[in-house]
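Colleague: build the 3D model from these lines:
(3 chains)
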Amino acid sequence: MKELLKVKGLKTYFYTYEGVVKALEGINFDIYKGESIGLVGETGCGKSVTALSIMRLIQWPPGKIIEGEITLDGKDLLKISEEEMRNIRGAEISMIFQEPMSSLNPVFTIGSQITEAITLHQEVNKKEAEKRSLDMLNLVRMPDAEKVLKQYPHELSGGMQQRAMIAMALSCKPSLLIADEPTTALDVTVQAQILDLIQELNEEIDSSMLLITHDLGVVAQVCDRVAVMYAGYIVEIGTVKQIFKNPYHPYTKGLMYAIPKIHVETKRLEVIRGVVPNLITPPSGCRFHPRCDHAMDVCKKKAPPTVKVEEGHYVACFLHGGVK
Amino acid sequence: MGFFDEWKKRNESRIKETKFTLNLFRHSFLSMLGLVLILLMILTALFAPFIATEHPNYVTLINPQGKRVTEQRWEIHFDEKLEPPSSEHLFGTNDYGYDIFSMIVYGSRLSIKIALMVVVTALIIGVVLGALAGYFGGWMDELVMRVTDIFFSIPGLILAMAFTAALGRSIEHVMYAMIIVWWPVYTRIIRAQVLKTREETYVEAARSLGTTDLKIIFKHILPNSFAPLFVQVTMDMGAVVLTAAGLSFIGLGASPGTAEWGLMISSGRAYIFQAWWYVFFPGMAIVLFVLGFNLLGDGLRDVLDPKLRR
Amino acid sequence: MKLRDYIIRRLVLLIPILIGVTLLTFTISHVIPADVARHFAGGAKANPETIARIREEMHLDEPLYKQYGYYLNDLFHGDLGECYTERRPVTEAIKQYLPATAELTIIAMILAIFIGIITGVVSAVKRNSWIDHVTRLIAITGVSMPIFWLALMLQLAFAYKYPILPLDSRLGIGVVAPNHITGLYVFDSLVTGNFTALKSSIYHLILPSITLSFASLAIILRITRSSMLEIVRSDYIRTARAKGLRERTVIYKHALRNALIPTITVAGINFAYLLGGAVLTETIFNWPGMGRFAVAAVNNLDFPSVMGFTLLAAIVMVTANLIVDLLYSVLDPRVRLGD
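Modeller: You can find the predicted model right below:
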């Protein structure tokens, strides 16, 4: 499989009043053409920062991409001009956000917001763009699409708003779609519909997807591969099958055990002890060591290197390799 | 463990938050500047006799009954009339040959007095009415709110002008008029806050425990209305002085000759092209006074507003 | 709810407020003064005959509620009483002086809104730059300055020291006023093609309108800046950027459109404050408008005129509020009329 996007050594920091938040500490991963990759982890581990860094939408101040490479089809997104980046945003890479209600501009109609994206990146006149907006709304199976074009965001339900966001994001047929917790804010019944829709449309327009979520169930349902993030690092990456069947990293294992299972009888749900570390003064060495049952001396001193444990399955933990 | 240590431990998070707030405030240059200006004004007012080079001994010349008030130094110093600023007269002299610097120094007393009187009285009225309206609701709320509506539908300066005209011109009447104009502001703030806090769980809890209404208002509701009210009061200290100066300028405030900043500008107006200092310095005094409170209020708002603080 | 129905409903709701205002003006003019007749006759120096005549005319010997009845009745018939300083009905005086005030306040409002919004946006976009610091300092000084002092300082600088602008009044000496259409000289002279008068009236408007607009400008700047700062951090601005829009479009289309909502509200409230400011500005610039008329009336204890002016100010203020609410519903689709 060919890589579409390569992220190498990406570091993003936030300079706040309390100190420097080291949100991303040099992360590496690839996204292949046509695949769906899930990015999982607890709140505040750097999932959304990763997405915004790829879009180059980290706002200065306080945030800044310190170093790293993000290459899309061989082009380093961190080296191109702002104008070139603008042509990529919304056209090559587009994004869906967590809160559809607040992510749509309240004072413009749904139609005008989708049309704006289309006229921006495609050489079409206004009339054609409006027609395409309607097509997009029909594509996302928006009920009463014609009417919705003229409606404002607050007049739609959460599910319909997210459909509109998806229509907007896919309107220019991007090669990569980043979905940042697209169903978290929605009703449970609507979540499944929206997930199905994203998956289906993504296959239809043949784009890759980076799905950010804290819900492993969603990952199992939608993704081909998973990357597990912890406190600014990717600690484990592999196919869904590999990770779910054979998790290596203690943190990944902890996440797995935190899912209630129907067929296995357990006395109580396992939880990972401790809390997400403060990223201003993160723990030394492996950032997970204060919460890890298997922590060794070396874990406190050095950050573990990423090692290959099987084909396509990598893990960053001293238990499974690296210098002890 | 001493009592203090125990208290400190129990209120750890609150102390941390307060320290953070104070720290934010200290790091805001403009807020500190505001505080310094206000302190300077207060010190000037307190030590006026030591700062001023002469006593502007010509306060009220004619009292409201039309009688002359005794012991006025009302002679004109012809030889020192409208002198430009010099080492002897820092801000120059006015058309009676009096030292403008000294008049400004003494004027600070009047300004602080006006600001405090008006704001505090209006605040008391506003808090009482606002708390009653908000807490008890019903017809009382309706009545109080409709009355504030009426007051809010006339521009403050104009209403105060009409009131002062009816009461008769004097600095006291300017104060009364401004109190009448100002209380609805506080009534509305307090009412809104009371409505907000009334529904909070801890107030519900207190009520279900049988705490009296009055106690709930004073112990739970009012302390929580402190932040927005504090900002408003700070800003209003300046606004009151501005309005009072405006009324004095029109001729409704202090009687001619009083060391009052607005009035000084008004009397200096006739000499504006001959003696700029006559108008300039009293105006600067007003600007610095009002600026001090506005800067402080602005800083407080930023610090107390949870949305803006970080 | 239809726009027309909404306006009608709002106007109906205004009636109790306006009645309340008349109660207030009645209290000020008939209840507070110790000797109302003497007050109306012009104070201490009034002659006994005039006082007696006024006592008779104003029914001052009857109970207060009856007096209020007469007062309301007069108001309903458009009778605001007799202006003592000018010996003619107050309504006539208002008719003469209102256009000058309208012209001054409207121009000042336009200045305040345009400059306030532009500088507010720039200040927010370039947050913490020197431009931001300077504009904020100007803004906070703007609301701390006595308007009459600012007026005098501007006169001193631009009419005396560097005499590039006229000192006072509406037109230059020898310039004939344009034919009366609205009474707003700029408008009238533009319509009638009288360019001499147009030039002169604009020239004379510069200092007073800048003076009058300054405080409102500062307030509008402040609110624009703070709402822009809040909005540029919002999710839909992130969406707009993620679409690939230019920063200019993001700011001036997506953000500003939302920031206008609170700004318009504040601007509307300020229009009423402008009337208060006009009282002082007109006095200094010798502007033949309502404000100068009111000050003269106050100083002559001409109560019918003062009350007429107060009532007019209230009407302008409630009208401004109504317009703001209508604009609000146009700018913000989430607001539905009548809610």
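
Colleague: can you name the residues in contact with stretch C:97-115?
Modeller: When contacts are defined by CB atoms under 8 Å, 6 or more residues apart in numbering or on different chains, stretch C:97-115 is touched by residues C:170, C:182-187, C:205, C:208-210, C:212-214, C:216-217, C:220-221, C:263, C:267, C:270-271, C:274-275, C:277-278, C:281-282, C:287-293, C:312. For glycine as for every other residue, the C-beta is placed from the backbone atoms N, C-alpha and C.

Colleague: what about chain B, any weak spots by pLDDT?
Modeller: B:1-2, B:13-14, B:17, B:21, B:24-27, B:55-79, B:305-310 (pLDDT under 70).

Colleague: check contacts around the residue nearest the centre of it.
Modeller: Centroid-nearest residue in chain B, with CA atoms, centre = their mean: B:M237, separated by 2.0 Å. In this structure, B:M237 makes contact with B:A115, B:L116, B:V119, B:F293, judged by CB under 8 Å, 6+ apart.

Colleague: now render those residues as a markdown table, adding distance to chain A and secondary structure.
Modeller: Rendered in a markdown table, the data for the contacts of B:M237 read as follows (distance: CB to the nearest CB, whole Å; DSSP: H, G, I helix; E, B strand; the rest coil):
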| residue | distance to chain A | secondary structure |
| --- | --- | --- |
| B:A115 | 34 | helix |
| B:L116 | 36 | helix |
| B:V119 | 33 | helix |
| B:F293 | 27 | helix |
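
Colleague: now the residue of the stretch 1-150 of chain B found nearest chain C: which helix or strand?
Modeller: For the stretch 1-150 of chain B, the residue positioned closest to chain C under CB to the nearest CB is B:I150, at a distance of 3.6 Å. Under DSSP states H and E, the secondary-structure element containing B:I150 is helix B:138-152.

Colleague: who are the packing partners of that helix?
Modeller: If contacts are counted by 3 or more CB pairs under 8 Å, 6 or more residues apart in numbering or on different chains; DSSP states H and E, helix B:138-152 sits against helix B:100-136, helix B:171-198, helix C:3-26.

Colleague: what distance separates the helix or strand hosting C:V134 from the centre of its chain?
Modeller: Under DSSP H and E, the secondary-structure element containing C:V134 is helix C:130-142. How far helix C:130-142 lies from its chain's middle: 24 Å, per CA atoms, centre = their mean, to the nearest Å.

Colleague: give me the neighbour count for residue 82.
Modeller: By default, I'm working from chain A. The local packing of A:E82 (other CB atoms under 10 Å in any protein chain shown) involves 9 other residues.

Colleague: ah, I was thinking of chain B
Modeller: Applying other CB under 10 Å, we find 16 other residues in the vicinity of B:L82.

Colleague: need the phi and psi values for it.
Modeller: Dihedral angles of B:L82 (phi, psi; degrees, to the nearest 10) stand at phi 50, psi 50.

Colleague: correct me, but it touches B:G92?
Modeller: Yes: if you go by CB atoms under 8 Å, B:L82 and B:G92 touch, sitting 7.3 Å apart.

Colleague: what touches both of these two?
Modeller: B:A275, B:Y278.

Colleague: what are the phi and psi values for A:E236?
Modeller: In this entry, A:E236 is assigned phi and psi values of phi -160, psi 140 (degrees, to the nearest 10).

Colleague: I'd say C:L72 and C:T22 touch.
Modeller: Yes: taking CB under 8 Å as the definition, C:L72 is a contact partner of C:T22 at 6.2 Å.

Colleague: what average pLDDT does the helix holding C:V134 get?
Modeller: Along helix C:130-142, the predicted confidence averages to a pLDDT of 87.

Colleague: buried stuff in the helix or strand following that helix?
Modeller: Heading C-terminal from helix C:130-142, the first helix or strand you meet, by DSSP H and E, is helix C:147-155. Residues of helix C:147-155 classed as buried: C:I147, C:F148, C:W149, C:L150, C:A151, C:L152, C:M153, C:L154, C:Q155 (neighbour count, 16 or more other CB atoms under 10 Å in any protein chain shown).

Colleague: briefly note if helix C:147-155 comes near chain B.
Modeller: Yes: with CB under 8 Å from any CB of the partner chain as the criterion, chain B is reached by helix C:147-155 at C:I147, C:F148, C:W149, C:L152, C:M153, C:Q155.

Colleague: what about the chain, any weak spots by pLDDT?
Modeller: Let's take chain A. Looking at chain A by pLDDT under 70, you get A:1, A:258-271, A:322-324.

Colleague: hmm, no, I was thinking of chain C.
Modeller: The low-confidence ranges in chain C, as defined by pLDDT under 70, are C:1, C:34, C:39-45, C:337-339.

Colleague: surely B:R198 is in contact with B:L222?
Modeller: No: counting by CB under 8 Å, B:R198 sits too far from B:L222 to count as a contact (11.8 Å).

Colleague: buried ones in stretch A:107-127?
Modeller: Residues of stretch A:107-127 classed as buried under the neighbour-count rule (16+ other CB under 10 Å) are A:107-111, A:113-121.

Colleague: farthest pair within the residues you listed?
Modeller: A:V107 and A:H121 (22.5 Å; CB to CB).

Colleague: residues near A:G217, how many?
Modeller: If you count neighbours by other CB under 10 Å, A:G217 ends up with 10.

Colleague: err, C:D332, not the other one
Modeller: A count of neighbours around C:D332, defined by other CB under 10 Å, yields 19.

Colleague: where's it relative to A:V107, distance?
Modeller: According to CB to CB, to the nearest Å, C:D332 and A:V107 sit 7 Å apart.

Colleague: where along chain B do the helices fall?
Modeller: When secondary structure is read from DSSP state H, chain B shows helices at B:3-10, B:12-27, B:29-46, B:48-51, B:100-136, B:138-152, B:156-167, B:171-198, B:201-208, B:213-216, B:222-224, B:226-250, B:261-268, B:276-304.

Colleague: how about a markdown table for those helices, with distance to A:V190 added?
Modeller: As requested, these are exported to a markdown table (distance: least, CB to CB, whole Å):
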| stretch | distance to A:V190 |
| --- | --- |
| helix B:3-10 | 46 |
| helix B:12-27 | 38 |
| helix B:29-46 | 48 |
| helix B:48-51 | 71 |
| helix B:100-136 | 39 |
| helix B:138-152 | 41 |
| helix B:156-167 | 52 |
| helix B:171-198 | 32 |
| helix B:201-208 | 31 |
| helix B:213-216 | 42 |
| helix B:222-224 | 38 |
| helix B:226-250 | 39 |
| helix B:261-268 | 64 |
| helix B:276-304 | 39 |
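
Colleague: please enumerate the strands of the chain.
Modeller: Defaulting to chain A. In chain A, the segments counted as strands under DSSP state E are A:3-15, A:20-32, A:36-40, A:63-72, A:75-76, A:93-96, A:176-180, A:208-213, A:225-230, A:233-239, A:307-310, A:313-315.

Colleague: I was thinking of chain C, sorry if that wasn't clear
Modeller: With DSSP E, the ranges of strands along chain C come out as C:82-83, C:88-89.
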